[in-house]
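1. fold the following for me, if possible:
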Amino acid sequence: ISVHILHNLTYEFEPELPKKITRCSSESQKNVASERTRVGCFPRRTAKVTKDPEEESPVLKEQTSPQGSEYLWSSITMRLYLSLLVCSQNVTTQLAAIGALHNATAGSGEMPKIVAATLKREKDTLKVIETFLQKKDENLMKAAISLTRNLSQHRVFQSTIVNKMLPEINNLLAERKEVVPLCQILINLCWNSTENSRAVLEEDILPKIIYTSKLENSYEEIKKASILLHIMWNHNELRKDFKAKRLKKSDFINKNTKRALEAVKEK
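-> Down below sits the predicted model:
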């Protein structure tokens, strides 16, 4: 019963967190950044550092005995959810655990980023989630896709999703399952990354996205597919790769995709 209660309590829970929690996490991030720029005896020079999203992201502070509402964001609770996904055979419990993780990672505020970074440091988080993408139970599969969509917003997870989950995403797209959230995952991954976009191209996902953009009666699917195609085309470094795959500009930019994007801009 407790996991179901936690699932409900984590819904849009960030505004209710004590201010000191989010303030402390922001301060710790700033402190890490400032420490990295102090190299040697020359404080005025900025050190050139390779940015590792996992290193940059603060994680939840370990608490041996969380009290009251602290259970909502405790790293112990996050591990509990993952354990339930692995050990429980009860679909309702599994759905509640995925739902709680979904709620805790939703949005672009400080706390969802910190929860995502904490989950990333747990061994096999994505492997656990991926098993639910392959479940026969459609509700579990949909819940796992929604959680993956949330995690794909956070830089700390993006390269791992690309490396581990693209084949399964491709399979689901081929089966025409949950196309809208799957497209959103790809949009999140490709938005600012030519490297991730190249991986999507190499996985041969684009023919399915191009097909989706040409549908006549599925507005949301067409919209997401069109946004993704425009993002992909805007990575100029990939133009030769597109040509090698026999993809033309008209596959990415055409009457259908333009119409879908114009409709988005008007809203």
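2. looking at this structure, which helix or strand is least sure?
-> Here the helix or strand of the chain ranked lowest by mean pLDDT, DSSP states H and E is helix 19-36, holding a mean of 43.
3. list the buried ones in stretch 107-125?
-> 110-120, 122, 125 (16 or more other Cβ atoms under 10 Å). To be clear about C-beta, it is placed using only N, CA and C from the backbone, and glycine gets the same treatment.
4. ok, then the element right after the strand or helix carrying Leu228?
-> Assessed by DSSP states H and E, Leu228 sits inside helix 219-233. Using DSSP H and E, the helix or strand that follows helix 219-233 towards the C-terminus is helix 239-244.
5. which residues are contacting whatever helix or strand comes next after that next one?
-> Later in the chain than helix 239-244, the nearest helix or strand by DSSP H and E is helix 249-252. Outside helix 249-252, the residues that touch it by Cβ atoms under 8 Å, 6 or more residues apart in numbering are Leu206, Ile210, Leu229, His230, Met232, Trp233, Phe242.
6. for stretch 153-164, buried residues please.
-> In stretch 153-164, the ones that count as buried by 16+ other Cβ under 10 Å are Gln153, His154, Arg155, Val156, Phe157, Gln158, Ser159, Thr160, Ile161, Val162.
7. the second one reaches Ile114, doesn't it?
-> Right, the one you point to is His154. No. With contact defined as Cβ atoms under 8 Å, His154 does not count as touching Ile114 (9.7 Å).
8. double-check Tyr81 against Ala97; I have them as touching.
-> Yes. Assessed by Cβ under 8 Å, Tyr81 is found in contact with Ala97 at 4.3 Å.
9. returning to that earlier point: between the contacts of helix 249-252, which is nearest Leu172?
-> Leu172 lies nearest to Leu206 out of the contacts of helix 249-252, by Cβ to Cβ, at 15.1 Å.
10. which residue packs closest to that closest one, ignoring adjacent ones?
-> Leu247 (6.5 Å; Cβ to Cβ, 6 or more residues apart in numbering).
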